[in-house]
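Enquirer: sequence? don't have it. structure:
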Ligand code: SF4
């Protein structure tokens with residue numbers, strides 16, 4: 001019989017698991033520490049539980065950490081890890097070391113339903129939801145786990161199309177009994193799925209990033225079909241109901257496409273759309289993908305666009321591209337080919 005997995009369980013869930021073994025309540029906290037903080041890979045390592053308790057637990061459960069099956073390394077030091085996922089599928093995460101921070105770009109789904117025109121994961125289509133344990137496994141099994149300082153949910157998938165699992169993962173990531181990450185070091189990125197965003201805004205303190213890419217309705221629909229169901233104006237109206245002047249931040253991602261969303265008219269419309277909302281715009285390079293007519297802008301064009309936004313009073317920065325040579329940069333993650341072979 002297949003054993004159940006411990007990672008991905010919250011403290012009350014761990015407590016529920018161990019009740020049948022007659023273990024005291026504090027044992028759940030100890031188990032959480034072993035699996036989330038002390039990096040235990042096997043239940044036999046839980047040395048402050050009795051040998052009998054460990055044996056009983058190990059008969060029904062395993063910790064469930066599984067190492068990445070492949071790593072690709074970029075010339076800039078970025079590493080792309082491949083993990084197994086449900087249904088003989090695979091999922092990727094990108095580790096991006098930097099001078100001041102080391103970031104893991106985490107995936108929440110295998111593929112994605114949302115079909116953004118500029119994204120390889122979107123082209124792959126949706127294949128599976130990741131469970132809480134599979135989301136956390138990307139962090140717990142990371143060879144660089146000890147050096148990790150920041151997490152961004154910007155890998156494969158739309159986090160708020162898997163809200164329940166993502167919210168539980170955030171709880172375990174930030175809890176005292178869990179990985180004890182500061183919510184100020186975690187950013188969740190969404191195209192603006194309002195129901196999941198509302199849950200996140202109410203129940204989490206992590207930062208939010210919204211993929212914007214165009215302030216105009218028709219144009220955004222072409223780039224991001226989600227605009228038909230959740231227009232960006234409604235997303236902004238929702239965000240304006242929350243305070244952003246403390247430590248929690250909201251930012252907008254804006255890939256600059258030549259001849260599409262790079263005009264002074266776009267700058268004016270962005271200024272009007274974001275008026276009254278304390279936020280930052282991250283300008284990003286487009287990484288060319290197959291079967292797409294979209295073209296990226298040069299670095300000089302990004303600088304010009306940034307300066308125009310700054311002159312309008314918007315805080316805008318240019319995000320450095322990382323891992324493009326190993327297809328780990330933004331919008332390039334895809335396991336379509338490897339899934340086909342499996
Ligand atoms: Fe999905 Fe995000 Fe890619 Fe859009 S950009 S298709 S939401 S993974």
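Expert: Received, thanks. What you are looking at is a predicted structure, and each value in this text was computed from that prediction instead of being measured. Numbering: from 1, shown residues only.
Enquirer: residue 102 is in contact with residue 95, correct?
Expert: Yes. Contact criterion C-beta atoms under 8 Å: residue 95 and residue 102 qualify, at 7.2 Å. All C-beta spots, glycine's among them, are computed from the backbone N, C-alpha and C.
Enquirer: who has more neighbours, these two?
Expert: Taking neighbours as other C-beta atoms under 10 Å, residue 95 and residue 102 compare with residue 95 leading, 26 against 18.
Enquirer: excluding chain neighbours, what is closest to that one?
Expert: Nearest non-adjacent residue to residue 95, counting by C-beta to C-beta, 6 or more residues apart in numbering: residue 79, 4.5 Å away.
Enquirer: sorry, back to before: overlap in contacts, residue 95 and residue 102.
Expert: Counting by C-beta atoms under 8 Å, 6 or more residues apart in numbering, the common neighbours of residue 95 and residue 102 are 144, 148.
Enquirer: return the residues of the stretch 51-200 of the chain in contact with the ligand.
Expert: Residues of the stretch 51-200 of the chain that fall close to the ligand, judged by C-beta under 6 Å from any ligand atom: 112, 114-116, 119, 121-122, 157-158, 191.
Enquirer: for those residues, pick the one with the most neighbours.
Expert: residue 157 leads these on contacts (other C-beta under 10 Å) with 30 neighbours.
Enquirer: tell me which helix or strand that one sits in.
Expert: Assigned by DSSP states H and E, residue 157 falls within no helix or strand.
Enquirer: next one: phi and psi at the nearest residue to it once chain neighbours are set aside?
Expert: The shortest distance from residue 157 to any non-neighbouring residue, by C-beta to C-beta, 6+ apart, is to residue 109 (2.7 Å). Main-chain torsions, residue 109, degrees, to the nearest 10: phi -150, psi 160.
Enquirer: count of neighbours near residue 109?
Expert: Residues lying near residue 109 (other C-beta under 10 Å) number 26.
Enquirer: and the strands in this protein?
Expert: With DSSP state E as the criterion, the chain has strands at 4-5, 61-62, 70-73, 79-85, 89-97, 102-105, 109-111, 126-129, 150-153, 186-190, 207-211, 250-255, 280-284, 315-319.
Enquirer: for those strands, give me TSV that also has mean pLDDT.
Expert: Listed next are those as TSV, based on pLDDT from 0 to 100:
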stretch	mean pLDDT
strand 4-5	94
strand 61-62	95
strand 70-73	95
strand 79-85	94
strand 89-97	94
strand 102-105	98
strand 109-111	95
strand 126-129	94
strand 150-153	98
strand 186-190	98
strand 207-211	98
strand 250-255	98
strand 280-284	97
strand 315-319	96
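Enquirer: okay, which residue is most central for the protein?
Expert: Centroid check for the chain by C-alpha atoms, centre = their mean gives residue 153 as the closest residue, at 1.0 Å.
Enquirer: one step back: check contacts around the residue nearest to residue 95.
Expert: 71-73, 94-95, 144, 323, 326, 328.
Enquirer: helices of the chain, start to end?
Expert: All helices of the chain, identified by DSSP state H, fall at 11-18, 26-32, 51-60, 120-124, 132-140, 163-174, 194-203, 217-223, 226-229, 232-239, 264-273, 299-311, 336-341.
Enquirer: most tightly packed of the ones you listed?
Expert: helix 132-140 (a mean of 25; mean count of other C-beta atoms under 10 Å).
Enquirer: farthest residue from the center of this protein?
Expert: residue 52 (39.2 Å).
Enquirer: relative to residue 16, how far out is it?
Expert: Counting by C-beta to C-beta, to the nearest Å, the gap from residue 52 to residue 16 is 20 Å.
Enquirer: which non-adjacent residue is nearest residue 253?
Expert: Among residues not flanking residue 253 along the chain, residue 211 sits closest, at 4.8 Å (C-beta to C-beta, 6+ apart).
Enquirer: residues near that neighbour, how many?
Expert: When neighbours are counted by other C-beta under 10 Å, residue 211 comes out with 27.
Enquirer: so who does it touch?
Expert: 116, 189-192, 224, 252-253.
Enquirer: tell me the one of those residues nearest the ligand?
Expert: residue 116 (3.2 Å; C-beta to the nearest ligand atom).
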